[in-house]
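S.K.: Predicted model and sequence follow; I will ask about them next.
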Amino acid sequence: MVQVSKKDKQILWSKGLVERFNLMASIRISRPTKCFLWQVETLSIEQLRLAFQVVATYVDDSHLIRTLLRCCECGQLYFHEFYEEIDWTEGKDAQYSTWIPIDDAESGEELSKMSPLALLVYPSIRYDYPMRADEP
């Protein structure tokens with residue numbers, strides 16, 4: 001389960017992290033107040049998988065997938081990244097998924113050019129399955 005408290009959500013937006021770090025000005029992100037994904041305390045990965053339709057695909061590789069998604073319920077756009085780090089010794093690959101709410105497709109295009117690490121400063125929903133975890 002993905003857990004993001006209402007307080008944490010408010011902190012992300014109120015601190016203005018994107019503006020504070022002077023990140024790419026061409027990336028437009030607004031608080032997704034109408035999207036149900038930001039209104040529930042706990043989301044399952046199944047809810048996240050069923051919530052979207054694919055609008056565009058930027059990268060489709062076995063260890064990196066980047067897409068532009070649209071919420072089926074409210075129409076909110078999201079930049080989505082699935083990123084996998086290969087564990088060559090034990091085969092327990094770490095997997096990370098990130099959904100960043102965006103205002104337009106151009107913002108998704110800009111985010112698709114950034115490193116997985118750079119994406120972490122944006123307000124997002126995350127689902128992580130670390131290398132040594134038995135479950136996400």
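M.R.: Sure thing, it's come through. Numbers count the residues shown, from 1 in each chain.
S.K.: Which helix or strand contains the spatially most central residue of the chain?
M.R.: In the chain, the centroid-proximal residue (C-alpha atoms, centre = their mean) is residue 99; its distance is 1.8 Å. Assessed by DSSP states H and E, residue 99 sits inside strand 94-102.
S.K.: and if you look at residue 48?
M.R.: Here residue 48 is assigned to helix 45-50, by DSSP H and E.
S.K.: residue boundaries of the helices in the protein?
M.R.: For the chain, the helices defined by DSSP state H cover 6-14, 17-20, 45-50, 105-111.
S.K.: can you give me the mean pLDDT across the longest one?
M.R.: Averaged across helix 6-14, pLDDT comes to 50.
S.K.: Check the gap between the nearest residue to residue 85 once chain neighbours are set aside and residue 63 for me.
M.R.: Closest residue to residue 85 in three dimensions, ignoring its sequence neighbours and counting by C-beta to C-beta, 6 or more residues apart in numbering: residue 94, at 4.4 Å. Every C-beta, even on glycine, is put in place using the N, C-alpha and C of the backbone. Going from residue 94 to residue 63 by C-beta to C-beta, to the nearest Å gives 10 Å.
S.K.: More neighbours: which of these two?
M.R.: Set residue 94 next to residue 63 and count neighbours by other C-beta atoms under 10 Å: residue 94 wins out with 15 against 12.
S.K.: so the residue lying closest to residue 120 once chain neighbours are set aside bridges to which residues?
M.R.: Using C-beta to C-beta, 6+ apart and skipping the chain neighbours, the partner closest in space to residue 120 is residue 98 (7.8 Å). Following DSSP bridges, residue 98 is listed with bridge partners residue 81, residue 126.
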